[in-house]
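**Q** Next one to model:
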Amino acid sequence: MRLPRPRLSVRGLMVLVAVAALALGGWRWIRWRRVHFASLAELHDSHIATSGITTQGVTYWTNKYGKDLFIEYFIILYLDDSRRIETDRRVAEYHRRINANQDWHEAMKRKYLRAAARPWSPVAPDPPEPPLPKGPDDL
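**A** This is a model prediction of the structure:
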């Protein structure tokens, strides 16, 4: 017994093409989101990697203001106690802001790695980035 041959009308072909286009478009969109989220995770990872170099428990920050703070700290260490306390406070505040910024980049990296693993799921908007100190008057 022979199976009946399916009849394809113009309407049936249009539906078939529309379904194929939706499937291919969805697959391409998911692939694009996977690559996009992976690149965002890599960007946040590079911000973490370049923000500081730790050697023997002392962190030397790569931006100019951090080096100025440490030079000022070591000069004042041998001067008077009142300025040393203020410099200790400023160095602690500087490190707190740098660490908050690094933690934010680490959280964003994890978020985008999860999103790259599941590109079909929605992604919440990013919280604001903690500000970095711009100069001595900013601490």
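**Q** can you tell me the average pLDDT over the longest helix seen in the chain?
**A** Secondary structure assigned by DSSP state H gives helix 10-49 as the longest helix of the chain. Averaging pLDDT along helix 10-49 gives 93.
**Q** same question, stretch 124-139
**A** The model assigns stretch 124-139 a mean pLDDT of 78.
**Q** Can you name every helix or strand that the longest helix of the chain contacts?
**A** helix 81-117 (3 or more C-beta pairs under 8 Å, 6 or more residues apart in numbering; DSSP states H and E). Just so you know, the C-beta spots here come from the backbone N, C-alpha and C atoms, and that holds for glycine as well.
**Q** any idea of the mean pLDDT for the helix it packs on?
**A** For helix 81-117, the per-residue pLDDT averages 83.
**Q** Please point out which parts of it sit buried.
**A** 87, 90-91, 94, 97-98, 101, 104-105, 108-109, 111-113, 115-116 (16 or more other C-beta atoms under 10 Å).
**Q** helices or strands next to it in the packing?
**A** helix 10-49, strand 58-61, helix 64-76.
**Q** Which of the buried residues of helix 81-117 sits closest to A124?
**A** Proximity of the buried residues of helix 81-117 to A124 (C-beta to C-beta) peaks at K111, which lies at 7.9 Å.
**Q** Contacts only, for that closest one.
**A** V123, A124, D126 (C-beta atoms under 8 Å, 6 or more residues apart in numbering).
**Q** tally of neighbours for the second one?
**A** By other C-beta atoms under 10 Å, the residues close to A124 number 7.
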